[in-house]
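Student: Quick one: sequence and predicted model below, then my questions.
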Amino acid sequence: QVQLVETGGGLVQAGGSLRLSCVASRRTFTIYNMGWFRQAPGKEREFVAGINWSGDSTAYADFVKGRFTISRDNAKNTVYLSINSLKPEDTAVYYCAAGSLGWGPSGTYAYWGQGTQVTVSS
């Protein structure tokens with residue numbers, strides 16, 4: 001079992017930046033691929049970004065358009081999502097997830113965090 005805890009969300013003005021963090025409970029964090037997803041009110045959850053276990057391969061949703069960066073620090077059991085040029089439409093609950101098969105939108109993610117709220121004001 002892997003427990004994931006996201007932090008770093010909050011209220012930010014449009015154009016601002018945030019860095020979300022997700023800390024995993026297990027020392028075997030390095031064997032998992034990691035992903036970030038988000039769910040806006042009234043919408044389905046969608047893939048945002050993913051990174052493989054070693055951190056040398058990433059995947060992004062098309063809407064990211066260079067504004068989001070996923071990274072990981074295996075020594076700290078942590079994956080990050082940096083978001084620049086925030087837009088009101090980025091408002092959502094952001095979740096991190098861990099899995100063993102793939103790190104893109106079609107990957108299999110077995111473990112999920114509880115999410116962190118990001119609200120972008122215009």
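Tutor: It's in.
Student: residue boundaries of the strands in this protein?
Tutor: Counting by DSSP state E, the chain forms strands over residues 4-7, 10-13, 18-24, 33-39, 46-51, 58-60, 68-73, 78-83, 92-99, 111-112, 116-121, given from the N-terminal end onward.
Student: Can you tell me the strand partners of the shortest one and which way each runs?
Tutor: Okay, so that is strand 111-112. According to DSSP bridges, strand 111-112 has the following sheet partners: strand 92-99 (antiparallel).
Student: With the fifth one instead?
Tutor: Strand pairing for strand 46-51, using DSSP bridges, gives strand 33-39 (antiparallel), strand 58-60 (antiparallel).
Student: out of these, nearest to P88?
Tutor: Comparing these by their distance to P88 (C-beta to C-beta), the top pick is strand 33-39, with 13.5 Å. C-betas here are computed from N, CA, C, even on glycine.
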